[in-house]
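S.K.: fold the following.
(one chain, ligands or ions: 2)
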Amino acid sequence: MTDAAETLSIVVPVYDEEQNLATLTRKLLDTLQDLGRDFEIIFINDGSTDGSADLLDELAAGDARIRVVHFKRNFGQTSAMMAGLDYASGDIIIPIDADLQNDPADIPRLLERLDEGFDLVSGWRKDRKDDALSRNLPSWIANRIISRISGVRLHDYGCTLKAYRRSIVEDIRLYGEMHRFLPVYASWSGARTTELPVKHHARKAGRSKYGLKRVVKVPLDLLVVKFLGDYSQKPIYVFGGFGMLNHALALLTFVVMLYFKFWGGKSFIETPLPTLAALFILMGFMSMLLGLIAELVVRTYHESQDKPTYIVGRTVNLDDGGD
Ligand code: UDP
Ligand code: MG
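M.R.: Ligands and ions are numbered 1, 2, ... in the order given. Have a look, this model is predicted:
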């Protein structure tokens, strides 16, 4: 499987990481130069407000293999990742965090696994060095749930360091916090997926950009991923199904109501049942109508043009525009 001609794109989302960039770049170059493959390092400056932008420009000025996409403002790590995928020209794409929590030295091991015949090798921070209570525990729970619901069994979706064959990520669009679900999308579309324990270091410089807010976002994203995965072609099955369930409940309530009236000695207004029946009927129709709107949206979605989820200010060492 090994093909010496396969080229690499390293994708690095950067948001206020000025203290880490020089070391990271040095470590990346050390590792990559030993591999004997053509490579590029694409930094996505996600609206940094510290000295990251200037520093990246300097790094790129000294080395044409270093490329920079400057966002106009902070669009979030997912958009940064999306831009990285759009601009990457390599056969293999490897995202890595800018904060040195991932270790560039793991890249050759990821590539070896890929060469064994996989399309995606997912890093697994087996010995994760983040706060146990606010980060590792929610993440452990999230990983279990995502594995269960998506059917794609991985220990660590959140680890940025992964290796993707270009072909499996080419058509994927990411929204919200969804970069962690890339392996799910990829596996659903047939990618051979595996995972590999990788090193993880505590953050030495700069601050983490995340806290507990993700605990709310991730389950909601998962709901959307699952919904889009199973029903994006036919949303009416979900909305219509829920609508019909409501109508069934309305019927049931109606029957109980009649029973009370004629055999149970309670008139209609003595029980909450009429209100309940009306409510179920209404919910049923509303849900079905929503389903029809969703069907319209789906058609628009599939037929409209791609709209990027980020805005680029300027780029360095890159031809304009992604692909
Ligand atoms: N990041 C980004 N945009 C953001 C937040 C983070 O590009 O809005 C980058 C950040 O610079 C780092 C990576 O995404 O390279 C992971 O962020 P962080 O280290 O804060 O997350 P954690 O490791 O704490 O989960
Ligand atoms: Mg980090």
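S.K.: stretch 208-227 and ligand 1, any residue contact?
M.R.: Yes - using CB under 6 Å from any ligand atom, we find that stretch 208-227 touches ligand 1 at 208-210. No exception for glycine: its C-beta is placed from N, CA and C like everyone else's.
S.K.: closest to ligand 2 out of the residues you listed?
M.R.: Nearest to ligand 2 among the residues of stretch 208-227 next to ligand 1 is S208, at 5.6 Å by CB to the ion.
S.K.: wait, is the closest one part of a helix?
M.R.: No - counting by DSSP: H, G, I helix; E, B strand; the rest coil, S208 is not found in a helix; it is coil.
S.K.: for stretch 79-91, what is the average pLDDT?
M.R.: Per-residue pLDDT values over stretch 79-91 give a mean of 95.
S.K.: I'd like the numbering to begin with 445 instead of 1 from here.
M.R.: Yep, numbering from 445; the last one is stretch 523-535 now.
S.K.: the closest residue to ligand 2 within the stretch 545-694 of the chain: how many residues sit nearby?
M.R.: Closest residue of the stretch 545-694 of the chain to ligand 2, CB to the ion: Q545 (4.1 Å). Applying other CB atoms under 10 Å, we find 22 residues neighbouring Q545.
S.K.: can you tell if the helix or strand harbouring L581 touches ligand 2?
M.R.: Using DSSP states H and E, L581 maps to helix 581-594. No - judged by CB under 5 Å from the ion, helix 581-594 and ligand 2 are separated, with a smallest distance of 12.2 Å.
S.K.: and if you look at stretch 658-675?
M.R.: No - Stretch 658-675 stays clear of ligand 2 (CB under 5 Å from the ion), getting no nearer than 12.5 Å.
S.K.: buried sites along that stretch?
M.R.: Within stretch 658-675, the residues scored as buried using 16 or more other CB atoms under 10 Å are 658, 662, 665-666, 669-670, 672-673, 675.
S.K.: what about the residue lying farthest from the centre of the chain, distance to Y703?
M.R.: Note on the chain: the largest C-alpha distance from the chain mean falls to G709, namely 57.6 Å (CA atoms, centre = their mean). G709 sits 11 Å away from Y703, taking CB to CB, to the nearest Å as the criterion.
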